[in-house]
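**Q** Predicted model follows, preceded by the sequence.
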Amino acid sequence: MRQASQGLEFHFPLLRNRGAAAGFGAFGALSIALPVAAAAGLGLAHGPDAHGRLAMVLVGGFALPVLAFGIVFLALAVYLLANSLTVTARPDRIAAVRRLFGFTLSRRAVSCADIAGIVPLTAARFQSKFSAEPRYQLVARSRTPGQADLVIAESLPGRAAMELMAARIEAATGIGLMEDEN
């Protein structure tokens with residue numbers, strides 16, 4: 001957190017979700033390794049004869065979707081590690097910039113007049129079975145129906161950290177917490 005011109009700037013850096021990324025990455029790697037090993041084993045065992053080719057086609061029908069899911073999970077793990085969020089909270093607006101490997105993916109700003117309140121959510125994808133503390137994110141709820149909400153804080157470890165961040169945002173914008181939704 002640092003003082004920006006007429007407000008506060010919060011930075012949620014790269015590598016903040018290492019635990020979640022490790023789980024997705026391990027699952028993705030296993031989902032890729034098992035079909036590759038099965039295909040290699042069939043190719044070596046049966047050779048290029050007709051039975052071997054038929055076995056490869058039949059296994060491929062099951063193995064290729066698993067392989068595709070593995071690639072998706074590996075990509076999700078890389079995204080979790082390599083994305084960052086910078087939020088600027090001022091009395092008139094809240095702006096958020098999401099980056100991947102330092103390149104801007106999205107840039108959004110919402111007027112404080114268009115925000116109904118700040119909602120704390122437990123971020124299910126960042127929860128650890130080995131930690132008693134849930135991880136939170138703060139979302140600025142829009143007053144306008146159909147307008148997307150804005151994530152203004154994420155990966156906050158525990159309720160105390162979430163409440164402290166919400167208090168800082170409220171001090172900068174005048175917008176307070178709404179009731180928990182989950």
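**A** Received it, and whenever you're ready, just let me know what you need. The structure displayed is predicted, hence computed values, not measured ones.

**Q** Only C-alpha atoms from now on, for both contacts and neighbour counts.
**A** OK.

**Q** Mind listing what's buried along the lengthiest helix in the chain?
**A** In the chain, assigned by DSSP state H, the helix with the most residues is helix 50-82. For helix 50-82, burial by neighbour count (16 or more other C-alpha atoms under 10 Å) applies to 52, 56, 60, 63, 66-67, 69-82.

**Q** how near is Phe69 to Ser111?
**A** According to C-alpha to C-alpha, to the nearest Å, Phe69 and Ser111 sit 39 Å apart.

**Q** can you check Phe10 too?
**A** Distance of Phe10 to Ser111, given as C-alpha to C-alpha: 17 Å.

**Q** More neighbours: which of the two?
**A** Taking other C-alpha atoms under 10 Å, Phe10 and Ser111 do not tie; Phe10 has more neighbours (20 against 13).

**Q** if I read this right, Ile115 contacts Val139, doesn't it?
**A** No. Contact between Ile115 and Val139 fails when scored by C-alpha atoms under 8 Å: they sit 10.0 Å apart.

**Q** got the residue ranges for the helices in this protein?
**A** Using DSSP H, the helices of the chain run over residues 18-46, 50-82, 159-173.

**Q** Reformat those as a markdown table; add distance to Arg93 and mean pLDDT.
**A** Formatted as a markdown table, the helices of the chain follow (distance: least, C-alpha to C-alpha, whole Å; pLDDT from 0 to 100):
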| stretch | distance to Arg93 | mean pLDDT |
| --- | --- | --- |
| helix 18-46 | 31 | 81 |
| helix 50-82 | 27 | 84 |
| helix 159-173 | 7 | 88 |
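
**Q** Dump those to JSON lines, plus distance to Ser106.
**A** Output for the helices of the chain, formatted as JSON lines (distance: least, C-alpha to C-alpha, whole Å):
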{"stretch": "helix 18-46", "distance to Ser106": "21"}
{"stretch": "helix 50-82", "distance to Ser106": "14"}
{"stretch": "helix 159-173", "distance to Ser106": "21"}
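
**Q** And those: which comes nearest Leu100?
**A** helix 50-82 (5.5 Å; C-alpha to C-alpha).
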